[in-house]
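S.K.: With the sequence up front, the predicted model follows.
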Amino acid sequence: MKRHLISAADLTRDDAVLILDTAEEMARVADRPIKKLPTLRGRTICNLFFEDSTRTRISFEAAEKRLSADVINFAAKGSSVSKGESLKDTAQTLEAMGVDAVVIRHGASGAPYRLATSGWIDAPVINAGDGTHEHPTQALLDAFTMRRRLVGHDAGIGKGLDGLRITIVGDVLHSRVARSNVHLLHTLGAQVTLVAPPTLIPVGAEPWPCEVSYDLDEVLPKSDAVMMLRVQRERMNAAFFPTEREYSRRYGLDAERMAKMPEHAIVMHPGPMVRGMEITAEVADSDRCTVVEQVANGVSARMAVLYLLLGGSEPAVTTTSTPRTEESK
Amino acid sequence: MSKILIRGAKVLGGEPQDVLIDGETIDRVGTGIEAGDATVVEAEGQILLPGLVDLHTHLREPGREDSETVLTGTRAAASGGYTAVFAMANTFPVADTAGVVEQVWRLGKEHGYCDVQPIGAVTVGLEGKQLAELGAMHDSAANVKVFSDDGKCVDDAQIMRRALEYVKAFGGVVAQHAQEPRLTEGAQMNEGVVSAELGLGGWPAVAEESIIARDVLLAEHVGSRVHICHLSTAGSVEIVRWAKSRGIDVTAEVTPHHLLLTDELVRTYNPVYKVNPPLRTERDVMALREALADGTIDIVATDHAPHPHEDKDCEWAAAAMGMVGLETALSVVQHTMVDTGLLDWAGVADRMSFRPAHIGRLDGHGRPVSAGEPANLTLLDPAYRGVVNPADFASRSRNTPYEGLELPGRVTHTFLRGRATVLDGTLA
Ligand SMILES: [Zn+2]
């Protein structure tokens, strides 16, 4: 693995499978009475959030605490970072404090890359979402969820998502989740189709390793998983689509549409769900919808990433006696 | 006044000749000129050009003296072989009155490194709403003939039309920063494959091309002269080519960085590559080179845009747009145009001195290297190869995209009306 996790596009298939396998191991910890491993005891991890995201921050924090790391939460509100240098200043403060890893969420695309490559800081950097660029741990938890549901828990160990057909629906243009998923799912062998109105597909997406369709109904019967993206109502005012009604009519997922999917197919959503426009309550509450699992899997996937970037060569879960294959590198 | 004999220089890249400067003017050009009491500059193997003229420089004074001043900017210009620069109007306060343009013009005179010809704002405060006092700026000591809201586009078609018409009264020209504002809201880089991948807001080529198309048609309709700043796309080239073939009085400039760099560099997220208009694709770069070679693009202008370190040493979205360029322009042009065989040195003289001076109607610059002409001259060693080191810059700012890059050519001497501003590669 590389030293940092900035982009899902940087992960090789082996890296990605290793993370998913490790996450599977981490998931077992959650089933124990004491949900804690000593793995990162004495290590300090900073969650550096320049943009609000309670969900993501809590998920990382839970992952860090389950690995016994010391956690510093640093939240910088948008207004105080209007002067550009604050990212650098903050990074150097953390460096001086001897932080062992930085989990960064930032409203500007590329901020984690800058942090990792500008020599401001030595610690590994984990991208927890940057602008409209990437959100690699979200893609990892999504892939983990798909593998568990569509390949199997133990049966999935060592495997990718080969041959699975994944459809991602909604505001691809502004979605870091979509960008990360397109890369990671492709790396893991899945076939990805993006479905959105043409205004919400970026100009220049042609070389992406996926298909693009404007017709959800046509794609649904050929989907093993359908990932609904959040669509912000503000996009309507910026003329990305005419009305909320028209958007739901063409790209929303309701029970009638869900019925066109194969029986085994699942519905995913990165959350938080706004029931109505992109997904109806009926679909969101159905047992084919994995939103709640995704949250739990997020902790496991992030534990795996933290462990692999920081943990070194010990097996992650020392108390399990399951024999491990060659894994740590 | 002192005499200087430049011995054996290739004038505009031609056969070696001697050039005798007497006082502020060129006294003689020929072979075997006796030195007499003149100071001799041995210039064998070097190229002698008319002093370069930059139609697009940001000197930042008044208002942002932490990035650049008229003094540091003109020292940078002299180092780069320039004898005249046109200073853009987006200062604080904006150069939209006779008072501000005269102040900038006077500072240039006082420092004496390079003639500074202020550009006046087209609209009050660059706000695009009300015409600035264009006539008063023209009538001032600064004698302004070029008007631009550069940094912003004059996007209101009616204001643009009126500005084009109005400046005809005194032979002025409107220099347009072509950027359709609605199409570039939140724009961070060229819109295309790289922006899609990086998740950075796109600046589409059509936002430039649509304004150029509109403005050449306006210029045709009212019979005026329009100049297009920092043209950056293959499509813009086609529009200008069409407009010229139709007889429209349009001129255009390209920056050195748009002749060399592409948006692939933005993958580094290093804000040193953040510039407006943004770096485009390889295809655009090649089209710009060809257009400069065939004369569709008239001139090279630097868009020298100094910024202090802290405005660039940050995340991409927060960084200021712009690059310094005065000190590297000639090297980049040699590298992209001369060493590639697209342009000879006479062509360089044309694109970097004769034509920019003509577009700006600047007297005393962009003149032939011949007897009786003002001794504004630049001597360059084309065989030199060196790695760009921003620490050597005379500019107060260091935001160059070429740091660490090996580029050819070095200005050894610059003469402003017979006086050396650069002597043996060092500022005088
Ligand atoms: Zn401009």
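M.R.: Thanks, I have the structure now.

S.K.: Helices of the stretch 1-150 of chain B, residue ranges please.
M.R.: B:70-79, B:98-111, B:134-139 (DSSP state H, counting those that start in this stretch).

S.K.: Deepest in the core, which of these is it.
M.R.: helix B:70-79 (a mean of 27; mean count of other Cβ atoms under 10 Å in any protein chain shown). Where you see a C-beta, it was placed from the backbone N, CA and C, and this is true even at glycine.

S.K.: could you dump the helices of the stretch 1-150 of chain B to CSV with mean pLDDT and distance to the ion?
M.R.: Shown next, in CSV, are the helices of the stretch 1-150 of chain B (pLDDT from 0 to 100; distance: least, Cβ to the ion, whole Å):
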stretch, mean pLDDT, distance to the ion
helix B:70-79, 98, 16
helix B:98-111, 97, 18
helix B:134-139, 97, 19
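
S.K.: Contacts (any at all) between the ion and the helix ranked longest in chain B?
M.R.: Taking DSSP state H as the criterion, chain B has its longest helix at helix B:205-222. No - using Cβ under 5 Å from the ion, helix B:205-222 stays clear of the ion, coming no nearer than 10.5 Å.

S.K.: That helix packs against which elements?
M.R.: Judged by 3 or more Cβ pairs under 8 Å, 6 or more residues apart in numbering or on different chains; DSSP states H and E, the packing partners of helix B:205-222 are helix B:157-166, strand B:173-176, strand B:226-228, helix B:234-245, strand B:250-254.

S.K.: measure B:Val324 to the ion for me?
M.R.: 15 Å (Cβ to the ion, to the nearest Å).

S.K.: Minimum distance to A:Gly131: which of the helices of the stretch 1-150 of chain B has it?
M.R.: Evaluated over the helices of the stretch 1-150 of chain B, closeness to A:Gly131 peaks at helix B:70-79, with 34.0 Å, by Cβ to Cβ.

S.K.: Report the angle between the closest one and helix B:98-111.
M.R.: 60 degrees (axes from the mean of the first three to the mean of the last three Cα atoms, to 10 degrees).

S.K.: residues contacting the residue nearest the centre of chain A?
M.R.: For chain A, A:Gln138 is the residue whose C-alpha lies nearest the centre (Cα atoms, centre = their mean; 0.6 Å). Contacts of A:Gln138 were listed using Cβ atoms under 8 Å, 6 or more residues apart in numbering or on different chains, and they are A:Thr56, A:Gly129, A:Arg176, A:Val177, A:Ser180, A:Asn181, A:Pro270, A:Gly298.

S.K.: Wait, a helix at A:Ala9?
M.R.: Yes - counting by DSSP: H, G, I helix; E, B strand; the rest coil, A:Ala9 is part of a helix.

S.K.: Grab the nearest non-local neighbour of it.
M.R.: Nearest residue to A:Ala9, sequence neighbours excluded (Cβ to Cβ, 6 or more residues apart in numbering or on different chains): A:His183, at 4.1 Å.

S.K.: pretty sure the one you found is in a strand, no?
M.R.: No - using three-state DSSP, the assignment for A:His183 is helix, not a strand.

S.K.: I'd assumed A:Pro209 was in contact with it.
M.R.: Yes - contact criterion Cβ atoms under 8 Å: A:His183 and A:Pro209 qualify, at 7.4 Å.

S.K.: So which of those two has more stuff around it?
M.R.: A:His183 (24 against 13; other Cβ atoms under 10 Å in any protein chain shown).

S.K.: Break chain B down into its domains, please.
M.R.: B:3-47+B:373-427, B:51-359 (automatic domain parsing).

S.K.: Please state the offset of the shortest one from the chain centre?
M.R.: With Cα atoms, centre = their mean, to the nearest Å as the basis, the distance from the averaged C-alpha position of domain B:3-47+B:373-427 to the chain average is 19 Å.

S.K.: can you check the last one too?
M.R.: Distance of domain B:51-359 from the chain centroid (Cα atoms, centre = their mean) equals 7 Å.

S.K.: ok so, going back, as CSV, the helices of the stretch 1-150 of chain B with distance to B:Glu24 would be great.
M.R.: As requested, the helices of the stretch 1-150 of chain B are exported to CSV (distance: least, Cβ to Cβ, whole Å):
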stretch, distance to B:Glu24
helix B:70-79, 16
helix B:98-111, 14
helix B:134-139, 26
